[in-house]
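1. Dropping the sequence and predicted coords here.
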Amino acid sequence: MFAIQNFYYRGNLLKDNTSVDFQGGYQNKSFGAGGFYSPRFPDQYEETDVWFGSIKLSTGTSIKVTPLVYWRRKKDHFLLIRSNPDFYENYHLTDIYGSQLNISFGNKYLTSSLGFDIRSENILSNNIGYDRPDPIPVRGTDSAFYTKQYGRNNFAYFQEHTLNLRKFKLTIGAMINLNTGFKGKPAVFPGLDMSYTLLPGVNIYSSINRALHLPTFTDLFYKDPVNQGNINLDPNRMMAYEGGIKYLKNITTFNVAGFFNSGHDIIDWLWSYTSNRYSPVNLANYKAWGITSSFTIGFMEYSTPGCWLNSISVNYLFLDIKKSLPDSVSKYYNLRQKISLGINHKITKEIVLSWNISFQDRYGESIGYKQEEGKYFSVPYKPVWLIDGAVKWNLRFLQFYTEVSNILNNRFIDAGSALQPGRWFKLGLVVRP
């Protein structure tokens with residue numbers, strides 16, 4: 001069971017060449033976490049509250065200046081055994097806030113942009129971070145305290161230049177990044193994107209980018225009976241190469257691309273039968289290549305009144321991964337291939353049906369647990385077919401809908417060791433002004 005409440009507002013003020021965008025919202029979620037963190041404890045539960053807001057100003061014509069400030073707070077309460085909170089529970093309170101400044105200028109042949117990004121990430125917790133000298137009471141509870149804390153700041157400078165010569169387009173950029181959580185010299189991350197128009201609607205493109213991924217607070221500190229963080233993790237760095245061809249004309253869109261990623265110190269959570277825990281490590285080497293493609297036909301704008309089809313889409317992904325510790329059981333990096341078919345069609349003018357049929361296959365194994373024996377065991381991933389369907393009934397200002405997920409009622413394990421739900425239904429009502 002789960003419950004979700006959302007409140008969101010976005011507004012815009014516009015005068016001459018100046019606009020102000022502002023947004024804010026709140027979300028409350030409570031849900032069973034299944035066996036996501038461990039198959040040993042199938043009755044996990046989590047509650048989250050999220051507040052967020054931002055203000056963005058945009059002004060100027062030949063030189064456009066766009067400053068932005070933002071803030072996001074998340075409160076998290078997790079129970080490893082829902083019926084027994086005293087066995088193990090977590091309280092986290094995270095605050096992320098920052099500001100950005102983007103300045104852009106140019107002409108029809110050459111455009112440039114540069115800017116700064118400053119972000120602060122902070123957490124209060126009873127599990128994550130370093131010990132606090134003065135515990136802070138958790139609001140809404142009688143005896144829980146935030147006993148740990150951690151924070152880090154990130155500073156980035158970036159610039160980008162785009163050359164546009166009719167059929168040829170070249171973008172070159174770079175980012176200089178410094179994070180207080182990882183001492184050392186600022187790191188430079190360059191990127192290059194190119195595209196060329198072969199024929200009307202047909203483009204070939206390629207890109208080379210160097211990327212950075214910082215360990216999360218969970219990666220560094222988290223600890224429970226079946227998971228152990230690693231404070232000694234390094235950020236991972238990856239080079240990404242991609243090239244492909246796109247076709248977009250009339251009602252048809254087609255894209256096919258090949259990619260290759262090579263990195264070191266890639267963070268992965270691996271299972272140990274010695275400690276019976278997942279723990280993150282830096283993989284010395286990681287290489288992956290693959291193919292992705294998509295094909296879509298949209299009939300709505302060009303169809304005759306009697307045509308019942310709105311759109312058809314097909315997507316395919318193939319991924320081949322080579323990494324250190326190949327025999328270890330990983331929570332991530334295990335998708336081998338996935339193909340999906342989407343169909344959207346009408347029954348009447350007001351009633352629309354959509355279908356999604358997919359097949360996915362994964363590398364490796366997940367971890368299972370025999371409750372009666374108290375032992376862990378490996379479970380090879382199995383290929384799975386999934387069918388989802390939805391019906392929408394549109395009236396003047398109302399939309400009634402129903403969705404059925406996993407119509408075939410297949411029980412399977414996705415990434416990690418979480419058993420996915422079988423067939424489930426959802427009903428809803430949307431009111432439009």
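-> Arrived safely, thanks for sending.
2. C-alpha only now, for contacts and for neighbours.
-> OK.
3. for the helix or strand harbouring Phe78, packing partners?
-> Remark: Phe78 resides in strand 63-79, with elements defined by DSSP states H and E. Other elements packing on strand 63-79 under the criterion 3 or more CA pairs under 8 Å, 6 or more residues apart in numbering; DSSP states H and E are strand 44-59, strand 89-106.
4. Throw these into JSON lines and include mean pLDDT, mean neighbour count and distance to Phe260, thanks.
-> What follows is these, written out as JSON lines (pLDDT from 0 to 100; neighbours: other CA atoms under 10 Å; distance: least, CA to CA, whole Å):
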{"stretch": "strand 44-59", "mean pLDDT": "95", "mean neighbour count": "18", "distance to Phe260": "36"}
{"stretch": "strand 89-106", "mean pLDDT": "96", "mean neighbour count": "18", "distance to Phe260": "31"}
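5. mind checking which of those is nearest Trp424?
-> For the helices and strands packed on strand 63-79, the distance to Trp424 is smallest for strand 44-59, at 19.2 Å, taking CA to CA.
6. Tell me the strands beside that closest one, with direction?
-> Sheet pairing of strand 44-59 (DSSP bridges) gives strand 18-34 (antiparallel), strand 63-79 (antiparallel).
7. Strand 89-106 and the last one, what's the angle between them?
-> Spelled out, that is strand 63-79. In terms of direction (axes from the mean of the first three to the mean of the last three CA atoms, to 10 degrees), strand 63-79 departs from strand 89-106 by 170 degrees.
8. same check, this time on the first one
-> For strand 18-34 against strand 89-106, the angle by the same axes, to 10 degrees is 150 degrees.
9. Strand 18-34 - what's its average pLDDT?
-> Rounded to a whole number, the mean pLDDT of strand 18-34 is 91.
10. neighbouring contacts of it?
-> Contacts with strand 18-34, where a contact means CA atoms under 8 Å, 6 or more residues apart in numbering, come from 1-14, 41-60, 418-419.
11. repeat that for 6 Å
-> Surrounding strand 18-34, the residues in contact under the criterion CA atoms under 6 Å, 6 or more residues apart in numbering are 2-13, 42-59.
12. do the same with stretch 55-65
-> 17-22, 66-69, 102-105.
13. Where does the prediction get shaky in the stretch 201-350 of the chain?
-> The stretch 201-350 of the chain contains residues with pLDDT under 70 at 300-306, 326-327, 333.
14. Please repeat the previous calculation with a cut-off of 90.
-> Low-confidence regions of the stretch 201-350 of the chain, defined here as pLDDT under 90, cover residues 212, 224-226, 236-237, 249-251, 264, 270-277, 284-285, 298-310, 322-335, 345-350.
15. ok, which stretches of it are strands?
-> 202-213, 223-224, 227-228, 236-249, 252-264, 266-272, 277-283, 286-298, 309-323, 335-346 (DSSP state E, counting those that start in this stretch).
16. what angle do the longest one and strand 252-264 make?
-> In other words, strand 309-323. Here the directions of strand 309-323 and strand 252-264 differ by 20 degrees (the same axes, to 10 degrees).
17. elements contacting strand 309-323?
-> In this structure, strand 309-323 packs against strand 286-298, strand 335-346, with contacts taken as 3 or more CA pairs under 6 Å, 6 or more residues apart in numbering; DSSP states H and E.
18. ditto for the last one
-> Applying 3+ CA pairs under 6 Å, 6+ apart, we find strand 335-346 packed against strand 309-323, strand 351-362.
19. so who does the nearest residue to His77 once chain neighbours are set aside touch?
-> Nearest residue to His77, sequence neighbours excluded (CA to CA, 6 or more residues apart in numbering): Tyr91, at 4.8 Å. Taking CA under 6 Å, 6+ apart as the contact definition, Tyr91 lies against Asp76, His77, Ser125, Asn126.
20. Gln360 and Lys338 touch, don't they?
-> Yes: using CA atoms under 6 Å, Gln360 and Lys338 qualify as a contacting pair, with a distance of 4.3 Å.
21. Pull up the pairing partners for the longest strand belonging to the chain, direction included.
-> Longest strand in the chain by number of residues (criterion: DSSP state E): strand 145-165. The pairing partners recorded for strand 145-165 under DSSP bridges are strand 110-125 (antiparallel), strand 130-137 (antiparallel), strand 168-179 (antiparallel).
22. Off-centre distance for that strand?
-> When distances are taken as CA atoms, centre = their mean, to the nearest Å, strand 145-165 is centred 17 Å away from the chain's centroid.
23. which parts of it are buried?
-> Counting neighbours by 16 or more other CA atoms under 10 Å, one finds that the buried residues in strand 145-165 are 145-151, 153-164.
24. Any chance of CSV for the strands paired with strand 44-59, columns distance to Pro137?
-> Conversion of the strands paired with strand 44-59 to CSV gives the following (distance: least, CA to CA, whole Å):
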stretch, distance to Pro137
strand 18-34, 21
strand 63-79, 13
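25. could you list every residue that touches Pro137?
-> Under the criterion of CA under 6 Å, 6+ apart, the contact partners of Pro137 comprise Phe145.
26. beta partners for it?
-> Beta-bridge partners for Pro137, by DSSP bridges, are Phe145.
27. separation between it and Lys75?
-> The spacing between Pro137 and Lys75, counted by CA to CA, to the nearest Å, is 13 Å.
28. swap in Ile55?
-> Taking CA to CA as the measure, Ile55 and Lys75 are separated by 22 Å.
29. same question, Glu47
-> Taking CA to CA as the measure, Glu47 and Lys75 are separated by 8 Å.
30. what does Asn227 give?
-> With distances defined as CA to CA, the gap from Asn227 to Lys75 amounts to 21 Å.
31. swap in Pro190?
-> For Pro190, the distance to Lys75 (CA to CA) stands at 36 Å.
32. This completes my enquiry, with thanks.
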